[in-house]
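[1] got a sequence here, can you model it:
(chains A and B)
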Amino acid sequence: MPMTAHLTKFALSRMAGATAFGLTVFTVSTVPAQAYVGPGLGLGAVSTALGVVGAIVLGIIAFIWYPIKRLIRRIRARFAAPPATPSASLPVSRLRTDQVAPIADEIAS
Amino acid sequence: MIPATVLLGCALLAVAMLAQHSGIMQRFAVLAATGRRSAKIMRSHGASDFSKERAARILARRMLAHALAAGALLVVVALPLIAAIALDPWTGVPTRAALTNPAARLTILAIGICLVVTRSVIIPRVRSPRPSPRHSPPPLRRRLQWH
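    The predicted structure is shown next:
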């Protein structure tokens, strides 16, 4: 068995022991919490929390996701575009051959 | 225990009145409608990314405002009960014990039922008395016959 497996097993057993000790201590020393929340207040609190979480998610979408998406699209478009030639007035590479042929004939005549 | 029961009953009544008249349910309904609307806009395929981004920005602000307003209103509605329980050590009135005392709870329940019956059945009847046949005006023909 490799050394790391021994260490992992030891760490896990120590963590389990600490968890059991903590649980025992907290179970023995219980005091009434006086923290009852009724269904109305509970549902209201859950709705408020969900509303805040939803607003944060919407904010992340609006302020982070869409600008990043726009940036990615812009970078892709820049890399996909052909290098601009100063002599050519038309972007020939973007034209199809059936579009290029009449123009070439006209220039030749 | 009687002052604590009365105080707790008054606090519960104040909570019920505040919940009824503060429009807290409408606040939560508006919050839910905003969430539904934002989900619908995010799911829509016809809108452009620019408009979706703008809508998400506006709806996020609006949703945060609605959620915070609803939470604040919830705290305000629950404030009388919180105050009645929190003032227990200072005032010396054992409201915390009354909250878990079966007799006090039963008393509050009975008083609450009496109050609801009084408000919803007795007071409307007193305000709009049903005309009894003895005191009702006579039919037109009889009235004409009298004259």
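
[2] who in chain B is up against chain A?
    Residues of chain B that fall close to chain A, judged by C-beta under 8 Å from any C-beta of the partner chain: B:19, B:24, B:28, B:31-32, B:35, B:38, B:42, B:49, B:52-53, B:56-57, B:59-61, B:63-64, B:66-68, B:70-71, B:74, B:78, B:85, B:96. Any C-beta I mention is one placed from the backbone N, CA and C, and that applies to glycine too.

[3] of these, buried ones?
    Neighbour counting over these (16 or more other C-beta atoms under 10 Å in any protein chain shown) leaves B:19, B:24, B:28, B:31, B:35, B:38, B:42, B:52-53, B:56-57, B:59-60, B:63-64, B:66-67, B:70-71, B:74, B:78, B:85, B:96 as the buried ones.

[4] and the helices in chain B?
    Remark: helices assigned in chain B by DSSP state H are B:2-21, B:24-43, B:49-86, B:88-91, B:95-100, B:102-117, B:123-127, B:140-146.

[5] so for A:Ile72, which of those sits nearest?
    Closest of the helices of chain B to A:Ile72 is helix B:49-86, at 11.5 Å (criterion: C-beta to C-beta).

[6] which secondary structure elements does the closest one contact?
    When contacts are defined as 3 or more C-beta pairs under 8 Å, 6 or more residues apart in numbering or on different chains; DSSP states H and E, helix B:49-86 packs onto helix A:39-60, helix A:66-80, helix B:2-21, helix B:24-43, helix B:95-100.

[7] quick check, the residue in chain A closest to chain B?
    Distance from chain B to each residue of chain A (C-beta to the nearest C-beta) is smallest for A:Gly51, at 2.9 Å.

[8] can you pull the contacts of that residue?
    Contacts were defined as C-beta atoms under 8 Å, 6 or more residues apart in numbering or on different chains; by that measure A:Gly51 touches B:Leu31, B:Gly35, B:Met63, B:Leu64, B:His66, B:Ala67, B:Ala70, B:Gly71.

[9] give the buried residues for the biggest helix by length in chain A.
    The longest helix of chain A (DSSP H) is helix A:3-28. Buried residues in helix A:3-28, defined by neighbour count with 16+ other C-beta under 10 Å: none.

[10] what's the neighbour count on residue 45?
    By default, I'm working from chain A. If you count neighbours by other C-beta atoms under 10 Å in any protein chain shown, A:Ala45 ends up with 15.

[11] look at chain B instead
    Number of residues near B:His45 (other C-beta under 10 Å) recorded here: 4.

[12] state the pLDDT value of the closest residue to chain A within chain B.
    Sorted by distance to chain A under C-beta to the nearest C-beta, the residues of chain B start with B:Ala67, at 2.9 Å. At B:Ala67, the model reports a pLDDT of 94.

[13] list the contacts of it.
    For B:Ala67, the residues meeting the contact criterion (C-beta under 8 Å, 6+ apart) are A:Thr48, A:Gly51, A:Val52, A:Gly54, A:Ala55, B:Leu31.

[14] from these, pick the one nearest B:Ala110.
    Checking these against B:Ala110 by C-beta to C-beta gives A:Thr48 as the nearest, at 33.1 Å.

[15] circling back to that earlier point, for the residue of chain B closest to chain A, give its distance to A:Gly40.
    Between B:Ala67 and A:Gly40 the distance is 17 Å, computed by C-beta to C-beta, to the nearest Å.

[16] what stretches of chain A score poorly on pLDDT?
    A:1-7, A:34, A:82-109 (pLDDT under 70).

[17] what parts of it come near chain B?
    Residues of chain A that fall close to chain B, judged by C-beta under 8 Å from any C-beta: A:34, A:40-41, A:44-45, A:47-48, A:50-52, A:54-56, A:58-59, A:61-63, A:66-67, A:69-70.

[18] any of the residues you listed buried? List them.
    The neighbour-count test (16+ other C-beta under 10 Å) marks A:41, A:44, A:47-48, A:51-52, A:54-55, A:58-59, A:61-62, A:66 as buried among the residues of chain A next to chain B.
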